[in-house]
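>>> pasting the sequence and the predicted coordinates here, then a few questions.
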Amino acid sequence: MSGTQSALAGMKVLEISALAGSVCGRVLADLGAEVIKLEPEGGEPFRRALPLVPTANGEESAAWLAYNHGKRSVTLDPAADEAGFAALCASADIVVTDWERLDLDTMDRLAGIARRANPALVWCEVLPFGRGGPYERYAATDTVLQALGGHLYLNGDVDRPPVRISLPVGLIQGGVEAASAALMAYWHALKTGEGQRVDVSVQACIVWTLLNSTMAWQILGLNEMRGGAIRKERANRFFTRLVWETKDGYVFFGPVGGGGGSARIKSYEALVAWMAEDGIDDPILKRHDWNGDGQFFIPQADYDAVTEVIFGFIRTKTTEELIARAVRDRILLAPISSVAGVFDNPQFRARGYFQPMEDPGRGLDVELPARWANLSATPLAALRPAPSPGADTATILSSLKQGATP
Amino acid sequence: MNDALTLVTTEASGIFAGLKVADFTWAAAGPIVTKQLADNGATVIKVESFKHPDSIRLGGPFIDDKPGINRSGFFADFHSSKLGISVDMSNPAAIEIIRPLIEWADVVAESFRPGVMKKWGLDYASLKAINPRIVMLSSSLYGADGPWARHPGYGAQGQALAGVHGMTGWPDRPPAMPKGAYSDSVSPRYALSALVAALIHREKTGEGQHVELSQIEATAQLLAPELLVYQVTGEEMTRAGDAKPGSVLHGVFPCQGEERWIAIEAVTEAQFTAFARLLEAEPAMTEARSKGPEALNAAVAALTAPHDAFALMAECRAAGVPAGVANKASDLLEDEVLNAHHHFWPLDHAEMGRLNYNGPAYRFEKTPSALRFASPRLGEHTEAVMTRVLGFGQDDIARFKAEGLLQ
């Protein structure tokens, strides 16, 4: 009986979404739910979001394709066909939506219809700031939320303005958060029959990416400062280099002073041993217990001096040489991967993370990062192409009319 | 005395009230998952080895700036509502204590380097032999197999490998390290989804299972569109500084004061016009815009510089323009929206005093989450859990102490 069915087999999800809701639906679809996109005639606006890639249909949004494969699509205007919308909700377990697709008034109106039709329904919303105050209606975008969540301030070079991560991380993280929150609410509905609304604040999702910044302020009165290649790691008061140019690229490496425990101490010992093989044995390398308790009291000048010596060594190596030795000797460094680096990463490849998706209708034959978890009894769903707008309208609506579930 | 165990076992409310979790996770990515269970009513028993406690207990910030095993705010934030026991896990006899814990549990969670649980006789096959319905979550940085499986690492390596680091910064400069061991904050959301799905499957079928997850694989989900573009067009998208194609105006602009910045993004023409009017610079901004995004951003920077960031944000909000101050940590604790949303939960800790812990990013209408008490001191609940959950007597405890299993 092992490994043949999906964890969420039988679950029906209705998705009225832009990016964030689509990501939520992506996670639920991967876990085996049947996800039905509710779209206007011609498809939802997110289908045309940048960046675009050429397909047999002309140009389509790469993000839309990446997060909407394996779903179904119904074109229906809930304002014109309230009964049809109510029938879809009556047979659904979860409805997910986000503020980039629906304004708050529409969301409220549709939630009313949906929840009257189905009291056990989980109604899940991704909002900039969540529900509960005037802030419900403040205008926001992903970049604005990266700023308000406190992450943007900490990224970038000191001699330029802070920068966002050049990915819509707030919307994507908010979408995944919504998937886990919706499943928690579904767990409750499964046990009690009680549906409810759950809302996700993208700002709060971003705050969670800081890890320890709010504690650093409360405890030490310390506001961390962004740094490009050199920064104060964790809540340290000293600067250490963390981005290193190799012969042919960049690696991340925190050889000294990160408060990382025994793995960090061993990593440094392995580095020093390797440097010694190359004849580099500058006394600064062993002048301090660089990663022990005393690390917090080492002078900045000494950190700078040891960095110079280590940098001299790293510059003579290619990224691949460094990584091979790092994996062998447990040195805590990693390549700073470009998109191609992620695509070719041997660890991802060995684990079957990328899975082929053939989409003959669009003329696409690609590999997508697919297996983000391995469930021993209920593997993630196989990849199937994304639907054209309204591809499943007739099938799904007619089965609803017959009173059967599609 | 605040009896956490009573609070957990008899007064629990929330979605996971009654759910029992044996929590072997450490560092950040794992504990953030089990925190969601604990803050929603589950009884979460964190198992630490007193010879090798959770390493983030050794990471700052420390109360009074003084390192100490029970003094890390970094650790505290991820351990609200959890009970803590400490055992010498390196002693093979520890299984005598751990076995009843596995029998008791619905979920076993762990985030060690692959191989550690097996060494202790606690891999999935062994757990399943003890408790056939167990759901096990294993979250590791690189995954359970593959050439990197045993390589040690942290989220900072994870964000580099998964591509997030490379997507941060300016295109003419080396990639700037994003704050926060980024893979540690992406993977918990995926892990929690998979774990709850496995619980739903168990509820419906009675079947437990092993959920295995790599933090870098979860994190690389963020680059799914870029990976598609790369294969279809050959273009490698990379960090773009303050540029964002498709927006009418997008940038981070200086304001009055030291390191004060505001992010503005006009997605529509109406928002652009509203912002230009608000700055009383409609003609100047329209002219600058005609010269391209760099000229526009330079013009806007000159216009925002004399403004107070928070006042300007308030004006933007009133005008419907997306705007956000680049909040510093100190700003977050005073942020009107976060506070109105009750994001922070003040909790009292015996050694650390009162601190504001981060609460969940979601809100349930009918089954509210609650951060019930502060993080456990190392081994704080060992005796209470041994006697009241696992059914050991004082004589057993004395024997375990004599054998060195307990402190």
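Happy to help now that I have it.
>>> closest point of chain B to chain A, which residue?
Residue nearest to chain A within chain B: B:G73 (3.2 Å; C-beta to the nearest C-beta). All C-beta atoms are positioned from the backbone trio N, CA, C, and that covers glycine.
>>> name the helices or strands packed onto the host helix or strand of B:K46?
Using DSSP states H and E, the element containing B:K46 is strand B:43-49. Helices and strands touching strand B:43-49, by 3 or more C-beta pairs under 8 Å, 6 or more residues apart in numbering or on different chains; DSSP states H and E, are strand B:20-24, helix B:29-38, strand B:83-87, helix B:95-104.
>>> which element is the nearest residue to the residue of chain B closest to chain A once chain neighbours are set aside on?
Counting by C-beta to C-beta, 6 or more residues apart in numbering or on different chains, the nearest residue to B:G73 once its immediate chain neighbours are dropped is A:M215, at 3.2 Å. Applying DSSP H and E as the criterion places A:M215 in helix A:213-220.
>>> now that helix: buried residues?
Buried positions in helix A:213-220, judged by neighbour count with 16 or more other C-beta atoms under 10 Å in any protein chain shown: A:S213, A:T214, A:M215, A:A216, A:W217, A:Q218, A:I219, A:L220.
>>> what of stretch A:362-376?
Neighbour-count burial for stretch A:362-376, counted by 16+ other C-beta under 10 Å, picks out A:362, A:364, A:366-376.
>>> just send these back as TSV, with distance to A:V309, pLDDT and secondary structure too.
Converted to TSV, the buried residues of stretch A:362-376 look like this (distance: C-beta to C-beta, whole Å; pLDDT from 0 to 100; DSSP: H, G, I helix; E, B strand; the rest coil):
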residue	distance to A:V309	pLDDT	secondary structure
A:R362	54	98	coil
A:L364	50	98	strand
A:V366	45	98	strand
A:E367	42	98	strand
A:L368	43	98	strand
A:P369	38	98	strand
A:A370	43	98	coil
A:R371	42	98	coil
A:W372	40	98	coil
A:A373	42	98	coil
A:N374	42	98	strand
A:L375	47	98	strand
A:S376	48	98	coil
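>>> so which of those are also by chain B?
Counting by C-beta under 8 Å from any C-beta of the partner chain, A:L364, A:V366, A:E367, A:L368, A:P369, A:R371, A:W372, A:A373, A:N374, A:L375, A:S376 from the buried residues of stretch A:362-376 sit close to chain B.
>>> count of neighbours near B:P61?
Counted with other C-beta atoms under 10 Å in any protein chain shown, residues neighbouring B:P61 total 23.
>>> surely it touches A:L220?
Yes - at 4.8 Å, B:P61 counts as touching A:L220 under the criterion of C-beta atoms under 8 Å.
>>> tell me the contacts of B:Q394?
For B:Q394, the contacting residues are B:T387, by C-beta atoms under 8 Å, 6 or more residues apart in numbering or on different chains.
>>> quick check, distance from stretch B:156-172 to the centre of its chain.
With C-alpha atoms, centre = their mean, to the nearest Å as the basis, stretch B:156-172 stands 19 Å off its chain's centre.
>>> what do you get for stretch B:109-116?
With C-alpha atoms, centre = their mean as the basis, stretch B:109-116 stands 18 Å off its chain's centre.
>>> does any bit of that stretch sit next to chain A?
No - using C-beta under 8 Å from any C-beta, stretch B:109-116 stays clear of chain A, coming no nearer than 8.9 Å.
>>> dump the residue contacts of residue 215.
Chain wasn't specified; assuming chain A. So A:M215 contacts A:A235, B:P61, B:G73, B:F74, B:A76, B:D77, B:L355 (C-beta under 8 Å, 6+ apart).
>>> you answered for a different chain; I wanted chain B.
B:Q215 makes contacts with B:A29, B:S139, B:S140, B:L141, B:Y142, B:G155, B:G158, B:S183, B:D184, B:V186, B:S187, as judged by C-beta under 8 Å, 6+ apart.
>>> wait, isn't the third one in contact with B:I216?
No - here B:S140 lies out of contact with B:I216, judged by C-beta under 8 Å, at a distance of 9.5 Å.
>>> more neighbours: which of the two?
When B:S140 and B:I216 are compared for neighbours, B:I216 comes out ahead with 33 against 25, by other C-beta under 10 Å.
>>> what strand or helix carries that one?
Using DSSP H and E, B:I216 maps to helix B:215-220.
>>> for B:I262, same thing?
With DSSP H and E as criterion, B:I262 is part of strand B:261-266.
>>> after that strand, which helix or strand is next?
Next along the chain after strand B:261-266, taking DSSP H and E as the criterion, comes helix B:269-278.
>>> what does the helix or strand following that next one contact?
Scanning forward in sequence from helix B:269-278 by DSSP H and E, the next helix or strand is helix B:282-290. With contacts defined as C-beta under 8 Å, 6+ apart, helix B:282-290 is touched by B:248-249, B:272-273, B:275-276, B:279, B:295-296, B:298-300, B:303.
>>> show me which residues of the stretch 1-150 of chain A sit near chain B.
Counting by C-beta under 8 Å from any C-beta, the stretch 1-150 of chain A comes close to chain B at A:1, A:7-11, A:27-28, A:31-32, A:49-51, A:53-54, A:61-63, A:65-67, A:129-133, A:135, A:138-141, A:143-150.
>>> just give the closest residue to residue 138, not the sequence neighbours.
Assuming you mean chain A. Once flanking residues are discounted, A:Y138 sits nearest to B:R317: 4.9 Å by C-beta to C-beta, 6+ apart.
>>> my question was about chain B, not that one.
In space, and not counting its chain neighbours, B:S138 is closest to B:E212: 4.8 Å by C-beta to C-beta, 6+ apart.
>>> show me the domain layout of chain B.
Per automatic domain parsing, the domain ranges recorded for chain B read B:4-221+B:342-402, B:249-334.
>>> now do the strands in the stretch 151-300 of chain B.
Ranges of strands in the stretch 151-300 of chain B, per DSSP state E, counting those that start in this stretch, are B:209-214, B:249-254, B:261-266.
>>> dump those strands into JSON lines; add mean pLDDT as well.
Below are the strands of the stretch 151-300 of chain B laid out as JSON lines (pLDDT from 0 to 100):
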{"stretch": "strand B:209-214", "mean pLDDT": "98"}
{"stretch": "strand B:249-254", "mean pLDDT": "98"}
{"stretch": "strand B:261-266", "mean pLDDT": "98"}
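>>> any chance of a markdown table for these, columns mean neighbour count and distance to A:T246?
Below are those laid out as a markdown table (neighbours: other C-beta atoms under 10 Å in any protein chain shown; distance: least, C-beta to C-beta, whole Å):
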| stretch | mean neighbour count | distance to A:T246 |
| --- | --- | --- |
| strand B:209-214 | 26 | 24 |
| strand B:249-254 | 24 | 30 |
| strand B:261-266 | 26 | 32 |
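>>> tell me which element the nearest residue to A:L400 once chain neighbours are set aside falls in.
The shortest distance from A:L400 to any non-neighbouring residue, by C-beta to C-beta, 6+ apart, is to A:A87 (4.5 Å). Assigned by DSSP H and E, A:A87 falls within helix A:82-90.
>>> now the following helix or strand past that helix against helix A:82-90, angle please.
Counting by DSSP H and E, the next helix or strand C-terminal to helix A:82-90 is strand A:94-98. For strand A:94-98 against helix A:82-90, the angle by axes from the mean of the first three to the mean of the last three C-alpha atoms, to 10 degrees is 110 degrees.
>>> what's in contact with strand A:94-98?
With C-beta under 8 Å, 6+ apart as the test, strand A:94-98 has contacts from A:11-21, A:24-25, A:28, A:33, A:89, A:107, A:110-111, A:114, A:121-127, A:171, A:174-175, A:178, A:182, A:185-186.
>>> residue farthest from the centroid of chain B?
B:P283 (45.4 Å; C-alpha atoms, centre = their mean).
>>> and A:R349, how far from chain B?
8 Å (C-beta to the nearest C-beta, to the nearest Å).
>>> give me the contact list for the host helix or strand of that residue.
In this assignment (DSSP H and E), A:R349 forms part of helix A:346-350. Residues outside helix A:346-350 that contact it (C-beta under 8 Å, 6+ apart) are A:342, A:354, A:369, B:142-143, B:145-148, B:161, B:216-217, B:220.
>>> can you check stretch B:107-114 too?
Defining contact as C-beta under 8 Å, 6+ apart, one finds that stretch B:107-114 is touched by B:19-27, B:29-31, B:33-34, B:37, B:42, B:102, B:116-117, B:122, B:127, B:134-141, B:143-145, B:149-150, B:152, B:195, B:199.
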